[in-house]
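Visitor: quick one, structure for this:
(2 chains)
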Amino acid sequence: MDYKKLASLLFSHVTETPEETEARFPRRNLPEGAKVTRIAPSPTGFVHFGNLFPALVSERLAHQSGGIFLLRIEDTDEKRKVEGAVELILSAFRHYELGFDEGALANEEGFGNYGPYYQSLRAHVYHVFAKQLVEQGLAYPCFCTHEELEASHSAQEAAKVTPGYWGEWATCRDLSLEEIEEKLASGMSYTLRLKSPGKPGGRIRFTDTIKGDLELDENFTDAVLLKSDGIPTYHFAHAVDDHLMRVTHVVRGEEWLSTLPLHVQLFDLLGFRRPKYVHIAHLMKRTEDGGKRKLSKRHDPEAALSFYQESGYPVEGVREYVMSVLNSNFEEWRRANPALDMKEFPFSIKKMSASGALFDLNKLDDISKNILALRSAEEMYNDLLAWAKTYDAEFASRLEQDPAYAKAYLGIGRGGEKPRKDFARLSELPQAMAFFYDDLYKVEDELPENEAVRADAREILSRYSALYSADDDRDTWFDKIRTMGEEMGYAARPKDYKQNPDAFRGHVGDISAVLRLAVTGRKNSPDLYDVMQVLGYERVANRLNQDLF
RNA sequence: GGCCCCAUGGUCAAGCGGUUAAGACACCGCCCUUUCACGGCGGAAACGGGAGUUCGAUUCUCCCUGGGGUCACCA
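Guide: Next comes the predicted model:
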C-alpha cells in the first residue's frame, strides 16, 4: 500500500506539514515549573456543578505556578451544540472568579496565540496530523455504515468478545488503494480510523497524578479519529490540542480513565510528549435507596451551577466548599487565616482524595453562613440588591426605594464578636425581612401555649403601647417591659417562674413573646429592641395598636 | 459481563506498622439567653469481611464483598 498516495488522496487540501504547524504553536516561554492547564467544556447549554472541580483545580494549578489557564470549547459534536451556550459558560466561570489567561470568547475565536479556541474552527490543524498518520500507515478510511457497525457490535456481544473495531471486525482496515479509490469515487462517506498497533492482552503502565500507578489494557481498537464530517472525535482533538496548546496538566473527571490507553497511544504515535494527567473523582449524590450516584442533571436541581446563583449562595461560599472537598486541609487553613484571600491557600494535588465525595449541602450552608455573617450591612445590601435584581425584582425595588432603611435592618446582629449566622443564601432574605415592610407584614405565628398569657395578650399590648416611647435606650426599654410584667403577675426572670410556676401567670419572656408577635408577626426574630429601633416609632405603635388578639 | 477506580463515624476526612483512631458538618444533651441565631461545655458515632506478611496491622499484599465509572462517527 502506498500510504503517501492515500494520504494525498484523502487530504489533498492539507498544505501545511506537521513541522510547520508545530512552529505556529511554539513552546511557551514560561518560568520553570509553570503549569499550563485548561478547561474544555462542551457548549451543551448546561453548566454542571461538577465542572467547578476540574476548573478550580486547573485554575489554581496554573496560577499558583505562574502558568496559563485557558478555555477551549469542545464543540465537535454538532448535535449537542446549543445557542448561547458559550456565553453561559463564560458568565459562569466569570461569576466564580475563574479567570482565563487565554481562550475562547463568545462568538469569537478567542484571545491568545494558540487559537482558535473552538475545536470546530481547528479542522485544518487536525487534518495536518491526520494526514501524517495516514502517511505512516497508522490511520485509514473506514466506509462502514452505522448499520454495519451495529451488526458487528451485536455479533461481538453474542460471541462474547471485546466489542469494537478491531481484528477480523475491522473490515476496512486492509482495503486496497484501488478499493478505497473506488469507494471514494462512488461518493461514500467515511471516517478516519486509527490503525492501532495495540494487541489484545497487551498492557500499559501509567502514572496518574491522583490515582497513582495504573496498569491498564492496551488499546487495540481502531478508534475513530475524524468523523465523516471531518471533525475530530474528542480523543484525537484532545491529543492534538493539548499538545499544540502546550498544556502540561490535563485535569478532568475520572470517567476518562477508561479511554486513557487510547489517549496515551495517540500521543505516542503522534510523537507528542504525554501531558501529566490529573483524574479527579466525581462528586456523588445520595440516592433514595441509600446508594450513591453522580449528581445528575435530570434529577438534581443542585447539579446545575445556575442553582447556586439563583439561591444566592455567596461566590466565596461555593468556591470554599469546592476547595474544602478538593483539599480537606483547606478548612483548617481557613480557620487559621480567616482574613486571607482563598488564593493564598497552598492548594496541593497530593492532598486530593482518590475517592468521590458525597455532595453535602449542610456543609455548603455552614460555610456560606459563616461568610455571610461576616459581611457588613453595606456589603450585604449590595450583594442582596445585585442578586434581587435578577431573581426577585419586586424585592430589589424595595431595596432601592429606601437603601438606608434596608441597610438598617440588614445591620441587625451584624458586626461584633458574635455575629448572627442565620442565612446561607440570599434567597432567604426577602422572606426573612418581609415584616420590615408594612404591606408584607402579617401575623403568621401563634401566641404562646400558656393559657394565662393568651388571656392577657390584649392587655399586654394595650398597656405596653401606652408605655412605649421612641427614645428609650435598651435598658429602660427592657425595664418597662419587666416592670409592666411584674405588675401583671409575671416573673421578672424566667428562672423565678420555673422554680415556682404557681406563683406567676408567666414570665417576662412571655410578655416579650406577645410583643414580638405583634411587632414582627413572628414568634422568632432578631433582637426585639433592635428591630423596633429600625422599624421606628410609628410602625411599631401602629402594630401595637392593632386589634390583634 | 470485560476492564478500571474507590473503601476510616450519617457526611467530608486526618492517619501513612505501635495513637485513649484527630478535626469539621450534621445529630443529641446541658449551659448562656426575653425568642431565634450566636457562643461555651459534653455526648453518641468509624477502620466492610477473610487470609497472609510482621513481635505487632486502620496502615503492606492477595481474595471476597460493596459502591462507582466505562465499553459511540458523545464529550
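Visitor: which single residue of the stretch 51-200 of chain A ends up nearest RNA strand B?
Guide: Across the stretch 51-200 of chain A, the shortest distance to RNA strand B (Cβ to the nearest atom of the strand) belongs to residue A:74, at 3.1 Å. All C-beta spots, glycine's among them, are computed from the backbone N, C-alpha and C.
Visitor: I'd assumed residue A:323 was in contact with residue A:345.
Guide: Yes: Residue A:345 lies in contact with residue A:323 (Cβ atoms under 8 Å); the separation is 6.9 Å.
Visitor: so which of the two has more stuff around it?
Guide: The residue with more neighbours, out of residue A:345 and residue A:323, is residue A:323; 24 against 18, by other Cβ atoms under 10 Å.
Visitor: so how far is RNA strand B from the closest residue to the more buried one other than its chain neighbours?
Guide: Nearest non-adjacent residue to residue A:323, counting by Cβ to Cβ, 6 or more residues apart in numbering: residue A:330, 4.8 Å away. Computed as Cβ to the nearest atom of the strand, to the nearest Å, the residue A:330 to RNA strand B distance reads 9 Å.
Visitor: and residue A:330, how many residues sit next to it?
Guide: When counting by other Cβ under 10 Å, one arrives at 20 neighbours for residue A:330.
Visitor: wait, it touches residue A:321, no?
Guide: No: the criterion here is Cβ under 8 Å, and residue A:330 misses it with residue A:321 at 9.6 Å.
Visitor: what parts of the stretch 1-150 of chain A come near RNA strand B?
Guide: A:40, A:42, A:74, A:76-77, A:80, A:144-146, A:149 (Cβ under 7 Å from any atom of the strand).
Visitor: buried subset of those residues?
Guide: By neighbour count, with 16 or more other Cβ atoms under 10 Å, these hold A:40, A:42, A:74, A:76-77, A:144, A:149 as buried.
Visitor: export these to CSV and tack on secondary structure?
Guide: Converted to CSV, those look like this (DSSP: H, G, I helix; E, B strand; the rest coil):
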residue, secondary structure
A:40, coil
A:42, coil
A:74, coil
A:76, coil
A:77, coil
A:144, coil
A:149, helix
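Visitor: still on that earlier bit, what's the overlap in contacts for residue A:345 and residue A:323?
Guide: Residues touching both residue A:345 and residue A:323 by Cβ atoms under 8 Å, 6 or more residues apart in numbering: residue A:330.
Visitor: is the lowest-mean-pLDDT helix or strand in chain A anywhere near RNA strand B?
Guide: In chain A, the helix or strand scored least confidently by mean pLDDT, DSSP states H and E is strand A:292-294, which has a mean of 76. Yes: legend: contact between strand A:292-294 and RNA strand B by Cβ under 7 Å from any atom of the strand is shown at A:292-294.
Visitor: list the buried residues in stretch A:432-449.
Guide: Quick answer for stretch A:432-449 (16+ other Cβ under 10 Å): A:433-437, A:441, A:443, A:447-448.
Visitor: nearest to residue A:542 among those residues?
Guide: residue A:441 (9.8 Å; Cβ to Cβ).
Visitor: looking at the closest one now. What's its pLDDT?
Guide: For residue A:441, the model assigns a pLDDT of 94.
Visitor: then residue A:194?
Guide: The model's pLDDT for residue A:194 equals 97.
Visitor: number of residues surrounding it?
Guide: 25.
Visitor: ok, residue A:215 next?
Guide: For residue A:215, using other Cβ under 10 Å, the count is 8.
Visitor: from the chain's centroid, how far away is the host helix or strand of it?
Guide: In this assignment (DSSP states H and E), residue A:215 forms part of strand A:212-217. Taking Cα atoms, centre = their mean, to the nearest Å, one finds the center of strand A:212-217 at 30 Å from the center of the full chain.
Visitor: which other helices and strands does that strand contact?
Guide: Under the contact definition 3 or more Cβ pairs under 8 Å, 6 or more residues apart in numbering; DSSP states H and E, strand A:212-217 sits against strand A:203-208, helix A:260-270.
Visitor: hmm, who's touching the shortest one?
Guide: Residues from elsewhere that reach strand A:203-208, judged by Cβ under 8 Å, 6+ apart: A:213-218, A:257, A:260-261, A:264-265, A:277-279.
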